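Novice: the following block contains a protein sequence and its predicted model.
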Amino acid sequence: MTITFSSDPTGWRILGFGKHPEIATAVQEKLRSLGFQATTFVLTNDNAGDARLVSELERAEYDGVVIGGYINGQDAVNFPATEETTAWFNRVLNIIHANAPGSKIILVRGPADILPAVERVLGK
């Protein structure tokens, strides 16, 4: 399988999700203001959330999938990982792997980390 990414970094298609609506909105606005094709949403830890994630992944081919700090456990100060969030994160990773195998996974700690995280994974 060949994985190709947009030749124009600002044209990258990015899907992002997290637990908090206000953060999802702010992240989407920030990414779009920088020229990214960004879609973000709130993910719930249930069957409906899993179905929503699959649906979003099937809408387009994404260069990167951003997973928020609450879900991915990277924000140990504000959202320390728990047994529940670790199980949720594992499930999310497997859903992404099954439905978007060509997308890079981008872990962020919080909203301020979004651009450095995208650049860290997809490049500048």
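Specialist: Arrived safely, thanks for sending.
Novice: look up the pLDDT of Ile3 for me, please.
Specialist: With respect to pLDDT, Ile3 scores 35.
Novice: which residues touch Leu31?
Specialist: Listed by Cβ atoms under 8 Å, 6 or more residues apart in numbering, the contact set of Leu31 reads 14, 16, 38, 40, 114, 118. Quick note: C-beta positions are derived from backbone N, CA and C, even for glycine.
Novice: A strand includes it, no?
Specialist: No. Counting by DSSP: H, G, I helix; E, B strand; the rest coil, Leu31 is located in no strand; its state is helix.
Novice: could you tell me how many residues sit around Glu22?
Specialist: 10 (other Cβ atoms under 10 Å).
Novice: low pLDDT regions in the chain?
Specialist: Scanning the chain for pLDDT under 70 picks out 1-10.
Novice: closest to Asn90 among the contacts of Leu31?
Specialist: Among the contacts of Leu31, Gly16 lies closest to Asn90 (Cβ to Cβ), at 18.8 Å.
Novice: could you look up the SS state of the closest residue to that closest one other than its chain neighbours?
Specialist: Leaving aside its chain neighbours, Gly16 sits nearest to Val66 (3.5 Å; criterion: Cβ to Cβ, 6 or more residues apart in numbering). Here Val66 is strand, with the state taken from three-state DSSP.
Novice: in the protein, which spans are helices?
Specialist: Ranges of helices within the chain are 21-33, 47-59, 69-72, 83-99, 114-122, based on DSSP state H.
Novice: what's the closest of those to Leu107?
Specialist: Once those are compared by Cβ to Cβ, helix 69-72 is nearest, at 4.7 Å.
Novice: same for the closest one, what does it pack against?
Specialist: On a contact count with 3 or more Cβ pairs under 8 Å, 6 or more residues apart in numbering; DSSP states H and E, helix 69-72 meets strand 13-18, helix 83-99.
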